[in-house]
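Engineer: just coords:
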């Protein structure tokens, strides 16, 4: 487990229905954060990346795409050319669990809609939510709630949103800076919690699965 680099992953969307789209996809490692933004064909504010980096006080790599198709094309290239070349594991919080999850099922549907291949085939996957439900005594079950109980307020203070609905509204209004900041807070909270779990839990406490498709 610990010999594999943790790549935390999170998405933002226009909603929860099958016809809804990806707005932001973010990945975080100890080296940097990589964020993909779907602008929906709108023109984002000038120097958006600089403004976000100023808010975060750390540098992120941000790319802007006019459509979901463009975002997914670039994301697939990034995953296959960069992430799958590392000794890494993909980690999310309620991204995909035995009884559901959100991020990976949503992403499968959107890739299928655009006729794109599944890019994560060689990456093992761990869902951090399972570990904290079973191996820690917490009163919260959300990412921000568990992070706040076990680590503190740091990244929670950075997050401008209190619920996912605000992320949908922000994208529709073209207010991308808080939307990106929220996504980065989520991927960094996820990675921080995974690092914490690996310090306190045994390898057998983590359920690692393959993301390689059958065909």
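Structural biologist: Nice, thanks for sending it over. Everything numeric in this text was worked out from a predicted model, so none of it was measured.
Engineer: any low-confidence regions in this structure?
Structural biologist: Within the chain, the ranges that satisfy pLDDT under 70 run 1-2.
Engineer: and the strands in it?
Structural biologist: 5-13, 22-28, 33-38, 60-65, 88-92, 124-127, 208-210 (DSSP state E).
Engineer: residues in contact with the longest one?
Structural biologist: For strand 5-13, the surrounding residues in contact (Cβ atoms under 8 Å, 6 or more residues apart in numbering) are 20-30, 83, 86-93, 95, 102-103, 106-107, 123, 164, 167-168, 171, 179, 182-183, 186-188, 190-191, 194-195. No exception for glycine: its C-beta is placed from N, CA and C like everyone else's.
Engineer: just the buried ones from the residues you listed?
Structural biologist: The neighbour count (16 or more other Cβ atoms under 10 Å) marks 21-29, 83, 88-93, 95, 102-103, 106-107, 123, 167-168, 171, 179, 182-183, 186-188, 190-191, 194-195 as buried among these.
Engineer: isn't residue 49 right up against residue 63?
Structural biologist: No - taking contacts as Cβ atoms under 8 Å, residue 49 lies outside contact range of residue 63: 9.1 Å.
Engineer: just want to know which of these two has more residues nearby.
Structural biologist: residue 49 (18 against 14; other Cβ atoms under 10 Å).
Engineer: enumerate every residue touching that one.
Structural biologist: 60, 62.
Engineer: what about it, distance to residue 67?
Structural biologist: For residue 49, the distance to residue 67 equals 19 Å [Cβ to Cβ, to the nearest Å].
Engineer: and if you look at residue 77?
Structural biologist: 15 Å.
Engineer: next: residue 196.
Structural biologist: 37 Å.
Engineer: likewise for residue 208?
Structural biologist: For residue 208, the distance to residue 67 - Cβ to Cβ - is 34 Å.
Engineer: go on, residue 215?
Structural biologist: 28 Å.
Engineer: neighbour count: the two, which is higher?
Structural biologist: When residue 215 and residue 67 are compared for neighbours, residue 67 comes out ahead with 14 against 3, by other Cβ under 10 Å.
Engineer: pretty sure the more buried one sits against residue 42.
Structural biologist: No - using Cβ under 8 Å as the test, residue 67 is too far from residue 42 to be in contact (10.9 Å).
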